[in-house]
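Asker: Kindly generate the corresponding structure for this input.
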Amino acid sequence: MARRKKPRVPRRSRLDGALKEALLWHAAWAAVVMLTATAMALALPEMTWAAVGALLAAAAPGLAAVLLLVRDSPRTRATLLALWSGCGALACMLTGGVSGPLAVWCLAPVAAAAVFGGGGLLAEAATLSLVAAGAAALTGLARLNPAPPPESLSFWLGVVGLLTTSLGLGGGLLLSGRRAARRAAFRRAAESDLERLLSGQPHLILALDGSARIVSAFGYAPKGIDAAELPGAAIADLAAESDRARIDLAIAAGAGECVFALLRAPDRSCGLALRRGADGRLIGVLRDATRQQTREADLEAAREEAEALNAGKSRFLANMSHELRTPLNAIMGFSDVMRSKLFGELQPKYAEYAEMIHDAGKHLLELINDVLDISKIEAERYELGLESFDAREAISSALRLTRLQADEAGVSLRGLLPPRPLDVEADRRAIKQIVLNLVSNALKFTPRGGSVTVAVQGYGRDLEIVVSDTGVGIAEADLERLGRPFEQAGDATQKIRGTGLGLSLVRAFAELHGGAMSIESRLGEGTSVSVRLPVLTPPTVSEEAPRTGAKIIAFNPKG
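Answerer: Predicted coordinates for the structure are as follows:
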């Protein structure tokens with residue numbers, strides 16, 4: 001694919017007004033001087049080649065400007081000023097030097113600088129004029145100049161020099177003045193727009209002097225403050241007596257924020273933010289804090305109501321879970337009796353139904369247990385049963401419980417446990433539940449022939465449990481949602497395999513222990529879930545990570 005060329009952007013796509021004026025001035029100068037040279041050559045028989053050359057030299061910068069100023073830049077202007085200086089010096093040398101009739105053209109750079117807008121260019125132009133005059137004087141002392149023109153010709157050349165220079169300087173000053181007037185009008189319009197903008201903004205902006213008195217105010221004054229009375233008033237006089245100390249502290253610090261009750265409306269309050277500018281003056285922003293406090297109170301009430309509703313929901317779920325467990329245990333018990341055929345053979349269809357009832361009851365019991373745990377955690381009623389034990393025992397027990405699920409799924413389940421004890425101070429059931437949930441999740445989403453690995457190690461005070469699989473993986477867009485109750489990843493066929501509570505329980509149990517859970521996954525490449533818990537007791541802290549050569553033994557759940 002061919003690369004598209006970037007369009008060439010000229011320095012100036014259009015000639016602005018100031019540049020047009022400069023071009024017209026230079027063109028007019030060149031035209032006037034050339035017409036004068038032509039007229040003098042025809043009218044004065046004593047016209048010399050040196051006088052003609054001087055007039056042509058004076059017209060050269062004007063002609064050059066028409067060509068150069070099309071691409072205006074600081075360098076172009078500096079080049080033109082240097083050209084004005086050189087051509088002025090040349091005209092002066094050709095007509096008798098600094099005592100000749102065209103010595104006044106050494107001031108041409110000053111006229112050109114005035115046309116360009118003055119400023120720093122005027123100082124540069126004045127220097128170039130002095131250089132031109134000095135060069136003409138030196139050539140005169142060295143007797144390098146041509147013979148001075150006749151008196152009659154000198155008279156007319158002097159008239160031309162004075163007229164052109166006067167008109168040039170006058171035109172330059174006129175253009176410079178017009179430009180200054182336009183800039184002033186633009187500045188006034190900008191200041192007016194800024195004042196309208198400040199006056200229309202929702203807060204009150206105050207400019208304060210050194211004694212913290214209000215110089216000017218812009219914007220809408222809060223209720224209880226008369227904006228017309230603000231200029232000349234001390235900012236502290238707006239506050240009630242009891243709140244003035246807060247304003248004094250903010251003023252003394254040169255920056256700060258405070259809220260105070262109004263002197264004339266004690267039931268209303270204002271917020272004041274102060275900052276000291278670069279010029280030492282204070283700038284303040286005054287806002288109506290009554291509405292903000294009302295909104296904050298409403299938000300706080302809404303938050304408390306939401307928390308109460310959430311706590312009520314959690315209590316309801318916990319109570320319902322207890323109520324559902326009793327009949328569910330009976331259903332599972334009777335289905336177990338039917339599956340084991342304690343009271344005789346069943347017809348094949350009834351035996352199949354009994355198996356389906358038992359599986360459904362088991363799934364529902366797991367869901368109820370998860371909901372009960374989540375409800376307790378959200379209601380802040382879950383209490384950890386801390387005890388000292390070897391974490392390897394709880395993890396090994398969880399792996400044994402998931403062995404049958406792994407065999408049925410056709411997935412290889414492997415545990416990597418360190419040879420040394422991992423003594424922890426933690427909730428045994430929570431540690432076991434973390435491994436059960438993570439391994440069950442991994443087995444559900446790992447295709448037949450895949451593998452699930454549980455690696456356990458200690459780092460400093462942290463116990464790290466990593467469950468990795470070679471399953472379908474998780475999309476990056478779903479990773480942020482996982483870990484919240486009832487959030488699931490994948491398509492509809494994958495979502496029916498779980499409830500979305502397993503990872504949220506793992507995260508909750510980790511955070512109850514002061515730890516954290518993290519997930520790394522990529523679609524089609526598997527998932528790795530890491531849980532770090534600061535529960536290791538000092539005597540059994542592992543000094544090295546497994547990657548540094550610490551010995552690891554494989555745990556076979558079938559063994």
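
Asker: packing partners for the strand or helix carrying residue 109?
Answerer: If you go by DSSP states H and E, residue 109 is part of helix 108-115. In terms of contacts (3 or more C-beta pairs under 8 Å, 6 or more residues apart in numbering; DSSP states H and E), helix 108-115 is packed against helix 17-43, helix 49-68, helix 74-94, helix 120-141, helix 151-200. Glycine gets a C-beta too; all of them are placed from N, C-alpha and C.

Asker: Could you say which of these is packed most deeply?
Answerer: Mean neighbours per residue, mean count of other C-beta atoms under 10 Å, is largest over those for helix 74-94, with a mean of 22.

Asker: Off-centre distance for that one?
Answerer: 50 Å (C-alpha atoms, centre = their mean, to the nearest Å).

Asker: Outside of that helix itself, list whatever touches it.
Answerer: For helix 74-94, contacts defined as C-beta atoms under 8 Å, 6 or more residues apart in numbering pick out 50-51, 53-55, 57-58, 60-61, 64-65, 68-69, 98, 100, 102-103, 105-109, 112-113, 116, 121, 124-125, 128-129, 131-133, 135-136, 139-140, 144-146.

Asker: run the last query once more with 7 Å
Answerer: For helix 74-94, the surrounding residues in contact (C-beta atoms under 7 Å, 6 or more residues apart in numbering) are 50, 53-54, 57-58, 60-61, 64-65, 68-69, 98, 100, 102-103, 105-106, 108-109, 112-113, 116, 121, 124-125, 128-129, 131-132, 135-136, 139, 145-146.

Asker: Put the alpha carbons of it into PDB.
Answerer: Extracted C-alpha coordinates of helix 74-94, given in PDB (Å, rounded to 0.1, in the frame of the first residue of the first chain):
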ATOM      1  CA  PRO A  74      11.300  36.800  11.100                       C
ATOM      2  CA  ARG A  75      14.300  35.800   8.900                       C
ATOM      3  CA  THR A  76      12.700  37.300   5.800                       C
ATOM      4  CA  ARG A  77      12.100  40.600   7.600                       C
ATOM      5  CA  ALA A  78      15.700  40.700   9.000                       C
ATOM      6  CA  THR A  79      17.000  40.100   5.400                       C
ATOM      7  CA  LEU A  80      14.900  42.900   4.100                       C
ATOM      8  CA  LEU A  81      16.200  45.300   6.700                       C
ATOM      9  CA  ALA A  82      19.800  44.400   5.900                       C
ATOM     10  CA  LEU A  83      19.000  45.000   2.200                       C
ATOM     11  CA  TRP A  84      17.500  48.400   3.000                       C
ATOM     12  CA  SER A  85      20.700  49.300   5.000                       C
ATOM     13  CA  GLY A  86      23.000  48.200   2.200                       C
ATOM     14  CA  CYS A  87      21.100  49.800  -0.600                       C
ATOM     15  CA  GLY A  88      20.700  53.100   1.400                       C
ATOM     16  CA  ALA A  89      24.500  53.100   2.000                       C
ATOM     17  CA  LEU A  90      25.100  52.500  -1.700                       C
ATOM     18  CA  ALA A  91      22.800  55.300  -2.800                       C
ATOM     19  CA  CYS A  92      24.500  57.600  -0.300                       C
ATOM     20  CA  MET A  93      28.000  56.600  -1.600                       C
ATOM     21  CA  LEU A  94      27.000  57.200  -5.300                       C
END
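
Asker: got the angle for that helix vs helix 120-141?
Answerer: In terms of direction (axes from the mean of the first three to the mean of the last three C-alpha atoms, to 10 degrees), helix 74-94 departs from helix 120-141 by 30 degrees.
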